[in-house]
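Visitor: coordinates for the following, if possible.
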Amino acid sequence: MTLDADYVVEMERITKAFPGVQALSNVHLSLRRGEIHAIVGENGAGKSTLIKILTGVEKQDAGTIRLDGKAVMVRSPLHAQELGISTVYQEINLCPNLSVAENILIGREPKRLGGIDWKAMNAHAREILLQRLNIDIDVTQNLAAYPVAIQQMVAIARALEISSARILILDEPTSSLDVNETAQLFQVMRKLKGEGVAIIFITHFLDQVYEISDRITVLRNGTLVGTFDTSDISRLELIAKMIGRSLTELDEMSGIKLESRKHIKDEALLQAEDLGLTGAIEPFDLELHAGEVLGIAGLLGSGRTEIAQLLFGVEKPDSGSLKMAGEVVEHFSPLASIGRGIALCPEDRKEAGIIDDLTVRENIVLALQANRGWFRYLSTQQQYELADRYIKLLNIATPSADQSVKNLSGGNQQKVILARWLATNPQVLILDEPTRGIDVGAKAEIQKLVLSLAEEGKSCVFISSELDEVLRTSHRIMVLRDREKVTEFSGEVDQQRIMQAMAGSEE
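Guide: As a prediction, the model looks like this:
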């Protein structure tokens, strides 16, 4: 990397490994004074690890960090603040029961006669918000009295005040903001940029990347794909680099091919009309027929998981309606959905899927037992029969049904979650990233299973960030962008058309 006097931060050959995972490998990042620099990439790309190293949360295994051309080792988050590096995270880490002024100046309150000088503190907090961020609010009010957008501004003000920040890192700052609130945040970012503050902007919303950033760094699987001037790279090219596909590349992968549509029934089994949840997903229509696989494509943050959670009742919609087999759904909850014949295999198998401390058998029977109720307890013999059946059906590699599920590989853990939901005999199976983090063989087995279930007359919603999987496994494909359904494809379609829809362009 060539040193440049305009660079306030230069990260060179940054490498970091965790047990079993190479999180970063020889990654470079340069940040100029007075620029807004977006870092983009799918889950597992290495964005969070890179930022944690810059802010002293993690230590790199190799590589150098330079501030103003001088090599430094960032020892801790406190040391990062002393160096002028501050971070505002997606989850606002403030105290809602304290005033705005207290949140901005906590730990640095002006003192008078051995106590806090409240008048001076309120005046200073008001000055910071007004002069630095153009925000004029009553700083004596509790933070909880203000909307999320204002709380975000207060978090930025606190970050600036803590370290007189020269470098501000904003991690998914717009995830909970509406269009007007996002515009207000961007005004603040442009003002700080004009003052010479260097801003790292991490987001999954590409429209926002193109609206606010000067340069874009793309990471994929812990490696640097490249850094580009925003004006020099199209959205379609950017998506191709993020997911590792060329613009002209067609799907040459052999393997699973869809059967004809002869198994799909005419009547809709699951039907959503203007279903939506403010701040999560814009109102959308959806029809799912018996024997059909509906693929959902979109970048991370586009609303894929939010749709899955609405359909399964994890979240309750605030607009529209949902019908199952022609009957309007009145009560939204996971348990009610199981009773209706809907199952959800969640995106994060570690957090929302497997129960580490239970055996394979116990994990498989969990959902069925919950649906039956604890007064209709499955006998031990029934549990073993059920577990053994799905261990064989899904080819789960385990010494026995009594093996602790945490000792299985990721692919086999995923199969255990699938077995859990198949045991409930669902009519609609929602699969959110069912092949993430598993090997090619296990992926193929899961895709074959989805198609075989469709042939049996079951319906599947198949969500994946891997477009070739969506193409191979789906009869129809719904495309999302920025929490909104933008189009739908049926019949023959190639990756480029889907990528164009995801990018919002016809390039």
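
Visitor: for residue 342, see how far away residue 182 is.
Guide: Separation of residue 182 from residue 342 (C-beta to C-beta, to the nearest Å): 33 Å. Every residue, glycine included, has its C-beta placed from N, CA and C.

Visitor: so for these two, which residue has more residues nearby?
Guide: Between residue 182 and residue 342, counted using other C-beta atoms under 10 Å, the more crowded position is residue 342 (26 against 19).

Visitor: pretty sure the more buried one sits against residue 425.
Guide: No. Contact criterion C-beta atoms under 8 Å: residue 342 and residue 425 do not qualify, at 11.5 Å.

Visitor: gap between residue 285 and residue 317?
Guide: 13 Å.

Visitor: who's more crowded, these two?
Guide: residue 317 (21 against 13).

Visitor: how distant is stretch 79-92 from the center of its chain?
Guide: Per C-alpha atoms, centre = their mean, to the nearest Å, the displacement of stretch 79-92 from the mean C-alpha position of its chain is 21 Å.

Visitor: got it, and stretch 101-117?
Guide: Put simply, stretch 101-117 sits 38 Å off its chain's centre (C-alpha atoms, centre = their mean).

Visitor: swap in stretch 145-165?
Guide: In terms of C-alpha atoms, centre = their mean, the centre of stretch 145-165 is found 23 Å from the chain centre.

Visitor: same deal with stretch 112-129?
Guide: Computed by C-alpha atoms, centre = their mean, the separation of stretch 112-129 from the middle of its chain amounts to 39 Å.

Visitor: tally of neighbours for the closest residue to residue 285 other than its chain neighbours?
Guide: The shortest distance from residue 285 to any residue other than its chain neighbours is 5.7 Å, reached at residue 273 (C-beta to C-beta, 6 or more residues apart in numbering). Residue 273: 14 surrounding residues under other C-beta under 10 Å.

Visitor: residue 63 and residue 25 touch, don't they?
Guide: No. Judged on C-beta under 8 Å, residue 63 makes no contact with residue 25 at a distance of 10.0 Å.

Visitor: so residue 453: helix, strand or coil?
Guide: Here residue 453 is recorded as helix under DSSP: H, G, I helix; E, B strand; the rest coil.

Visitor: quick check, pLDDT for it.
Guide: Residue 453 carries a pLDDT score of 83 in this model.

Visitor: also residue 426?
Guide: 88.

Visitor: the closest residue to it other than its chain neighbours: what's it in contact with?
Guide: Nearest non-adjacent residue to residue 426, counting by C-beta to C-beta, 6+ apart: residue 343, 3.8 Å away. Applying C-beta atoms under 8 Å, 6 or more residues apart in numbering, we find residue 343 in contact with 312, 337, 367, 421-422, 424, 426, 428-430.

Visitor: then residue 310?
Guide: 272, 275-277, 280-281, 317, 322, 332.

Visitor: swap in residue 265?
Guide: Contacts of residue 265 (C-beta under 8 Å, 6+ apart): 289-292, 457.

Visitor: just to be sure, it is in a helix?
Guide: No. Counting by three-state DSSP, residue 265 is located in no helix; its state is coil.

Visitor: that one and residue 289: what is the separation?
Guide: Residue 265 is 5 Å from residue 289, by C-beta to C-beta.
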